[in-house]
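> I'll drop the sequence and a predicted model, then ask my questions.
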Amino acid sequence: MPSPELHRYTLANGLRVVLAPDRTVPVVGVSVHYDVGFRSEPENRTGFAHLFEHLMFQGSESLEKLAHFRHVQSSGGTFNGSTHPDYTDYFEILPSAAMERALFLEADRMRAPRITEENLRNQVDVVKEEIRLNVLNRPYGGFPWIKLPAALYQTFPNAHNGYGDFTELEQASLRELATKIVGEQRGVHDAGFYFYSAEAAAAYSHWASANLELWQCVVEALDDPSVNELLAAI
């Protein structure tokens, strides 16, 4: 089966878009990658990238807690997120008619995730329990994620435990995470973890308004007259 043709765009706000139309299946996959991962973490703040991945599922300005889950699952879709050494990704797989819903969900949490003290403390506990269940209490669970990096590398970004030290996770504060939000937003096209950039914050505060521009990219890639008519009616 031939591979889908890739269409690459850069929106006015700096967001890079890759579209791969495939008409053989009636589903759509939406994946957002941030150029932020374990290797971006500063010393004494291990596990923050993974913690923030969890916090991005705790609601946003237009969506209360767990609403993201309900909107995807009620559409017959599935979703998840994962943290890696160099990036963090979030995805949804839905019936193709729900593509706009997936774009809205990602746009809203990129623009304004709901970071509260309650969510923070709750997710620190969730992350700690995940580490216990999947790593610490499992035979050989420390391999490769905890044991191997320290054996292979000497520099902190490569050698440290990406899951995070429990003591450091417990010290996470809203102030630090507010700075991390800007780093994560900036990381869409320019890796940055704890760097504050007013310019980046302003650009991404208008992410949702860029949906029309993104739709135009989709229409161009699909080259479908019926979708053109739909876009004209927006």
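Nice, thanks for sending it over. Numbering: from 1, shown residues only.

> name the element the nearest residue to residue 119 once chain neighbours are set aside belongs to?
Distances taken as C-beta to C-beta, 6 or more residues apart in numbering place residue 58 nearest to residue 119, at 4.3 Å, with adjacent residues excluded. Backbone N, C-alpha and C define where each C-beta goes, glycine included. Using DSSP states H and E, residue 58 falls within no helix or strand.

> need the pLDDT of residue 58.
With respect to pLDDT, residue 58 scores 95.

> and it, how many neighbours does it have?
Per other C-beta atoms under 10 Å, the neighbour tally for residue 58 reads 22.

> isn't it right next to residue 121, touching?
No. Residue 58 is beyond contact range of residue 121, at 11.3 Å (criterion: C-beta atoms under 8 Å).

> quick one: contacts for residue 39?
Counting by C-beta atoms under 8 Å, 6 or more residues apart in numbering, residue 39 touches 85, 86, 157, 158.

> surely it is in a helix?
Yes. Counting by DSSP: H, G, I helix; E, B strand; the rest coil, residue 39 is part of a helix.

> burial count for the spatially closest residue to it that is not a sequence neighbour?
Nearest residue to residue 39 in three dimensions, chain neighbours excluded: residue 157, at 4.2 Å (C-beta to C-beta, 6+ apart). Applying other C-beta under 10 Å, we find 17 residues neighbouring residue 157.

> my read: residue 157 touches residue 43, true?
No. Counting by C-beta under 8 Å, residue 157 stays clear of residue 43, with 9.4 Å between them.

> what segments of the protein are strands?
Secondary structure of the chain (DSSP state E): strands at 7-10, 16-19, 27-34, 78-83, 88-95.

> dump the ones you listed to TSV, plus mean pLDDT, distance to residue 71 and mean neighbour count.
Formatted as TSV, these follow (pLDDT from 0 to 100; distance: least, C-beta to C-beta, whole Å; neighbours: other C-beta atoms under 10 Å):
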stretch	mean pLDDT	distance to residue 71	mean neighbour count
strand 7-10	87	25	13
strand 16-19	88	22	14
strand 27-34	92	12	18
strand 78-83	96	9	15
strand 88-95	93	9	19
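
> OK, contacts around residue 83?
By C-beta under 8 Å, 6+ apart, the contact list for residue 83 reads 37, 38, 49, 50, 53, 162.

> and the first one, what does it touch?
Meaning residue 37. Residue 37 touches 49, 83, 84, 85, 86, 87, 88, 162, counting by C-beta under 8 Å, 6+ apart.

> for residue 67, which non-adjacent residue is closest in space?
Per C-beta to C-beta, 6+ apart, closest to residue 67 is residue 59, 6.5 Å.

> tell me who's in contact with that neighbour.
Contacts for residue 59 (C-beta under 8 Å, 6+ apart) come out as 65, 66, 67, 68, 113, 114, 119.

> report the buried members of those.
With burial judged by 16 or more other C-beta atoms under 10 Å, the buried subset of the contacts of residue 59 is 68, 113, 114, 119.

> closest to residue 100 out of those?
Nearest to residue 100 among the buried ones among the contacts of residue 59 is residue 68, at 14.9 Å by C-beta to C-beta.
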